[in-house]
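*Asks:* Sequence first, predicted model second:
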Amino acid sequence: MRPGSSRAARLRWAMPAALTTANLGLALALSAVVILLVGENPLRALGVLAAGAFGNAEAIGYTLYYATSFVFTGLAVAVAFHAGLFNIGAEGQAYIAGLGVGLLCLGGGGWPTALVVAAAVLTAAAFGAGWAFVPAWLQARRGSHVVITTIMFNFIASAVMTHLLVNVLIKPGQQSPETREFAPSTWLPQLHELAGRVGLEIGRSPLNLSALLALGACALVWLYVWHTRWGYELRALGHNPTAAVYGGIVPERIVVVAMSISGALAGLVSLNEIMGVHHRLLLNFPGGAGYVGIAVALMGRNHPAGIVLAAVLFGALYQGGTELSFDVPRLTRDMVVVIQGMIILVCGAFEHALRGPVRAMFRRGPAAGRA
């Protein structure tokens with residue numbers, strides 16, 4: 001291999017990591033300025049946040065529980081993005097998938113747990129894909145922009161779920177808009193319970209079997225996007241639609257397939273929330289995970305490995321931010337949202353501003369070493 005080609009290969013792999021690190025550093029610096037303006041010590045605040053997210057086994061479990069949902073939605077956004085699509089509807093797709101999973105669990109109380117879990121995975125993926133199929137078809141066949149339609153479908157999903165939970169599925173005799181609790185046989189096993197069966201002790205937390213499913217989804221997305229013909233067609237359309245058509249790729253088919261896969265991945269959020277934690281169907285259970293997934297995909301450079309790391313970061317912000325608001329009263333939950341916004345802003349809007357300096361640093365490296 002020529003020296004120039006090996007240097008280019010190293011640059012191709014190192015640039016995304018270095019750029020993400022630079023973006024994150026800038027975001028934390030801006031957040032430190034905000035914390036100083038509030039009148040608190042940024043280093044103390046960072047220490048409290050880190051301890052709240054990773055200080056003990058229970059905190060780590062909560063961080064990974066939040067991260068699990070973000071992995072699913074981050075993958076959903078990434079798959080669509082590789083096809084040149086911007087799926088903003090992961091929130092609604094997860095919501096409607098929760099309806100399917102909830103109905104399955106309400107009616108499958110006597111089934112074996114393994115059968116319920118397998119059926120729930122298929123149901124969540126099918127309902128999420130079905131909710132994403134309509135915007136995909138509208139763009140492929142009618143020219144409607146998928147950004148607009150997926151946003152609209154988020155509101156439609158919210159309205160549908162509100163009606164069903166208030167008027168149809170609500171448990172009789174209560175005012176809270178939620179269903180009755182599912183039978184225990186339909187609950188996803190929590191990881192501390194599974195570890196206890198083999199003699200291991202880990203902290204009690206909501207972390208459940210869906211975390212392993214999220215890692216499996218990362219592996220499948222990696223194989224599909226980078227190691228199959230269909231993934232090549234998807235990426236070709238995203239890079240250059242004109243060249244893709246010239247090469248025999250049918251854009252309409254890729255749009256529908258990519259959005260359906262994206263919706264299926266977003267739908268898997270319902271497993272973590274409905275079967276793993278709440279054990280009932282209730283309003284607003286996605287909790288904004290669909291929107292956070294956009295930031296996770298951007299920060300993770302739309303690669304499964306990067307998405308996992310970015311999801312853990314945002315999970316740490318969620319979990320550590322809760323502890324931060326308790327221990328440092330001036331830094332309320334809204335301030336944590338500001339920090340999250342800083343990260344999203346820098347990783348999205350300022351990405352190209354930092355790309356030039358980071359690339360120049362890499363190019364100066366070999367020259368400096370020879371000098």
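*Replies:* Thanks, I have it. Numbers count the residues shown, from 1 in each chain.

*Asks:* in the stretch 251-371 of the chain, what spans have low per-residue confidence?
*Replies:* 348-356, 358, 362-371 (pLDDT under 70).

*Asks:* Helices of that one, start to end?
*Replies:* Using DSSP state H, counting those that start in this stretch, the helices of the stretch 251-371 of the chain run over 251-267, 269-270, 289-299, 304-327, 333-349, 351-370.

*Asks:* Quick one: the ones you listed as TSV, columns for mean neighbour count and distance to I151 too.
*Replies:* C-beta coordinates here come from the backbone N, C-alpha and C atoms, glycine included. Below are these laid out as TSV (neighbours: other Cβ atoms under 10 Å; distance: least, Cβ to Cβ, whole Å):
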stretch	mean neighbour count	distance to I151
helix 251-267	25	14
helix 269-270	33	18
helix 289-299	26	11
helix 304-327	22	21
helix 333-349	17	17
helix 351-370	12	23
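
*Asks:* can I get those in JSON lines with distance to I35?
*Replies:* As requested, the helices of the stretch 251-371 of the chain are exported to JSON lines (distance: least, Cβ to Cβ, whole Å):
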{"stretch": "helix 251-267", "distance to I35": "33"}
{"stretch": "helix 269-270", "distance to I35": "31"}
{"stretch": "helix 289-299", "distance to I35": "20"}
{"stretch": "helix 304-327", "distance to I35": "10"}
{"stretch": "helix 333-349", "distance to I35": "8"}
{"stretch": "helix 351-370", "distance to I35": "22"}
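
*Asks:* do you know which of these lies nearest N56?
*Replies:* helix 304-327 (11.0 Å; Cβ to Cβ).

*Asks:* Which strands and helices lie in contact with that closest one?
*Replies:* Applying 3 or more Cβ pairs under 8 Å, 6 or more residues apart in numbering; DSSP states H and E, one finds that helix 304-327 makes contact with helix 3-38, helix 42-54, helix 57-82, helix 210-227, helix 289-299, helix 333-349.

*Asks:* Indicate which one of these is closest to I88.
*Replies:* Comparing the helices and strands packed on helix 304-327 under Cβ to Cβ, the one sitting nearest is helix 289-299, at 6.8 Å.

*Asks:* Okay, angle between that closest one and helix 251-267 too, please.
*Replies:* 120 degrees (axes from the mean of the first three to the mean of the last three Cα atoms, to 10 degrees).

*Asks:* Export helix 289-299 to PDB, keeping only CA atoms.
*Replies:* Taking Å, rounded to 0.1, in the frame of the first residue of the first chain, the C-alpha atoms of helix 289-299 are listed here in PDB:
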ATOM      1  CA  ALA A 289     -36.700  10.000  22.400                       C
ATOM      2  CA  GLY A 290     -37.600  10.400  18.800                       C
ATOM      3  CA  TYR A 291     -36.400  14.000  18.700                       C
ATOM      4  CA  VAL A 292     -33.200  13.200  20.700                       C
ATOM      5  CA  GLY A 293     -32.500  10.500  18.100                       C
ATOM      6  CA  ILE A 294     -31.900  13.200  15.500                       C
ATOM      7  CA  ALA A 295     -29.100  14.600  17.700                       C
ATOM      8  CA  VAL A 296     -27.800  11.200  18.500                       C
ATOM      9  CA  ALA A 297     -27.500  10.300  14.800                       C
ATOM     10  CA  LEU A 298     -25.900  13.600  13.900                       C
ATOM     11  CA  MET A 299     -23.300  13.300  16.700                       C
END
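
*Asks:* returning to that earlier point: including distance to G315, could the helices and strands packed on helix 304-327 go into JSON lines?
*Replies:* Listed next are the helices and strands packed on helix 304-327 as JSON lines, based on distance: least, Cβ to Cβ, whole Å:
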{"stretch": "helix 3-38", "distance to G315": "15"}
{"stretch": "helix 42-54", "distance to G315": "7"}
{"stretch": "helix 57-82", "distance to G315": "3"}
{"stretch": "helix 210-227", "distance to G315": "11"}
{"stretch": "helix 289-299", "distance to G315": "9"}
{"stretch": "helix 333-349", "distance to G315": "11"}
